[in-house]
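Peer 1: Using only what follows, build the 3D model:
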Amino acid sequence: MAGVQVMPAVGAVATVDVRAEGSRAAGLRRGRASGSGVSSASLFAGDWRRRPRRPACTVGVRQCRGRSKRQQGLAVVCNLGGDYEEGFEDVHVQLMNFFTYKAVRTVLTQLYEMNPPSYRWFYNFVCVNKPTDGKLFLRALGKERQELAERVMITRLHLYSKWIKKCDHAKMYERISDENLLLMRERLMETVIWPADDTNT
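Peer 2: As a prediction, the model looks like this:
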């Protein structure tokens with residue numbers, strides 16, 4: 001066994017090489033015999049009691065690989081698990097996937113009214129290929145029916161242009177805030193212990 005793990009403090013693990021520390025311990029014993037005041041705390045990879053604690057999270061300017069200077073900014077660096085940057089690329093992807101889904105529903109409704117054979121084919125295709133990932137769905141649809149794929153792409157762009165004109169960011173912020181308040185109020189009402197009803201009083 002090359003080494004053992006010791007627990008010098010809560011939440012910290014140090015790995016000590018037994019063979020290397022054996023020779024160091026022998027040197028310490030010789031040092032004590034000669035009167036030197038060397039502490040045995042060095043056996044545990046340094047005196048951990050004097051080591052300053054590292055904060056769990058820090059905030060600083062961090063440059064990621066492959067990014068230009070204009071894209072540099074503040075990043076929350078979590079020393080326990082990784083880096084968490086302020087990015088919303090996943091939100092953009094989800095928006096595109098959602099508008100692809102709405103476009104598929106719109107095209108299905110149009111085909112149901114105007115072209116029943118194409119509706120049946122497209123309905124069966126959607127049952128097999130779920131439009132949860134818009135990019136993969138359109139890629140697979142383009143290989144089967146290019147005209148339907150182009151129709152879905154044009155429809156989702158049209159739906160997004162209509163939504164962006166009606167989207168009220170201040171109202172959306174207010175709706176999120178009101179829903180947060182409502183959920184916290186409901187949870188508070190569930191946890192409050194109400195006094196028992198006493199008919200005598």
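Peer 1: State which helix of the chain is the longest.
Peer 2: Ordering each helix of the chain by length in residues (DSSP state H) puts helix 89-114 first.
Peer 1: mind listing the helices for this protein?
Peer 2: Using DSSP H, helices in the chain cover 18-33, 89-114, 116-128, 134-144, 146-166, 169-191.
Peer 1: Need the ones you listed in JSON lines (columns: mean pLDDT and mean neighbour count).
Peer 2: (C-beta placed from N, C-alpha, C; glycine too.) Output for those, formatted as JSON lines (pLDDT from 0 to 100; neighbours: other Cβ atoms under 10 Å):
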{"stretch": "helix 18-33", "mean pLDDT": "50", "mean neighbour count": "12"}
{"stretch": "helix 89-114", "mean pLDDT": "94", "mean neighbour count": "15"}
{"stretch": "helix 116-128", "mean pLDDT": "95", "mean neighbour count": "13"}
{"stretch": "helix 134-144", "mean pLDDT": "94", "mean neighbour count": "16"}
{"stretch": "helix 146-166", "mean pLDDT": "95", "mean neighbour count": "14"}
{"stretch": "helix 169-191", "mean pLDDT": "93", "mean neighbour count": "9"}
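Peer 1: re earlier: other SSEs contacting the longest helix of the chain?
Peer 2: Of the remaining helices and strands, those touching helix 89-114 by 3 or more Cβ pairs under 8 Å, 6 or more residues apart in numbering; DSSP states H and E are helix 116-128, helix 134-144, helix 146-166.
Peer 1: Just tell me which of those helices ends up closest to Asp178.
Peer 2: Across the helices and strands packed on helix 89-114, Asp178 has its closest neighbour in helix 146-166 (19.3 Å, Cβ to Cβ).
Peer 1: That closest one to helix 89-114, inter-axis angle?
Peer 2: Using axes from the mean of the first three to the mean of the last three Cα atoms, to 10 degrees, the inter-axis angle of helix 146-166 relative to helix 89-114 is 120 degrees.
Peer 1: list the helices and strands helix 146-166 packs on?
Peer 2: By 3+ Cβ pairs under 8 Å, 6+ apart, helix 146-166 packs against helix 89-114, helix 134-144.
Peer 1: Let's see that helix as PDB, backbone CA atoms only.
Peer 2: What follows is helix 146-166 as a C-alpha-only set of coordinates in PDB (Å, rounded to 0.1, in the frame of the first residue of the first chain):
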ATOM      1  CA  GLN A 146     -37.800  18.400 -47.400                       C
ATOM      2  CA  GLU A 147     -40.900  20.500 -48.100                       C
ATOM      3  CA  LEU A 148     -42.400  19.700 -44.700                       C
ATOM      4  CA  ALA A 149     -39.100  20.500 -43.000                       C
ATOM      5  CA  GLU A 150     -38.900  23.900 -44.700                       C
ATOM      6  CA  ARG A 151     -42.600  24.600 -43.800                       C
ATOM      7  CA  VAL A 152     -41.900  23.900 -40.100                       C
ATOM      8  CA  MET A 153     -38.800  26.100 -40.100                       C
ATOM      9  CA  ILE A 154     -40.700  29.000 -41.700                       C
ATOM     10  CA  THR A 155     -43.600  28.500 -39.300                       C
ATOM     11  CA  ARG A 156     -41.400  28.600 -36.200                       C
ATOM     12  CA  LEU A 157     -39.700  31.700 -37.400                       C
ATOM     13  CA  HIS A 158     -43.100  33.300 -38.000                       C
ATOM     14  CA  LEU A 159     -44.300  32.300 -34.500                       C
ATOM     15  CA  TYR A 160     -41.200  33.700 -32.900                       C
ATOM     16  CA  SER A 161     -41.600  37.000 -34.700                       C
ATOM     17  CA  LYS A 162     -45.200  37.200 -33.400                       C
ATOM     18  CA  TRP A 163     -44.200  36.300 -29.800                       C
ATOM     19  CA  ILE A 164     -41.300  38.800 -29.700                       C
ATOM     20  CA  LYS A 165     -43.700  41.600 -30.500                       C
ATOM     21  CA  LYS A 166     -46.100  40.600 -27.800                       C
END
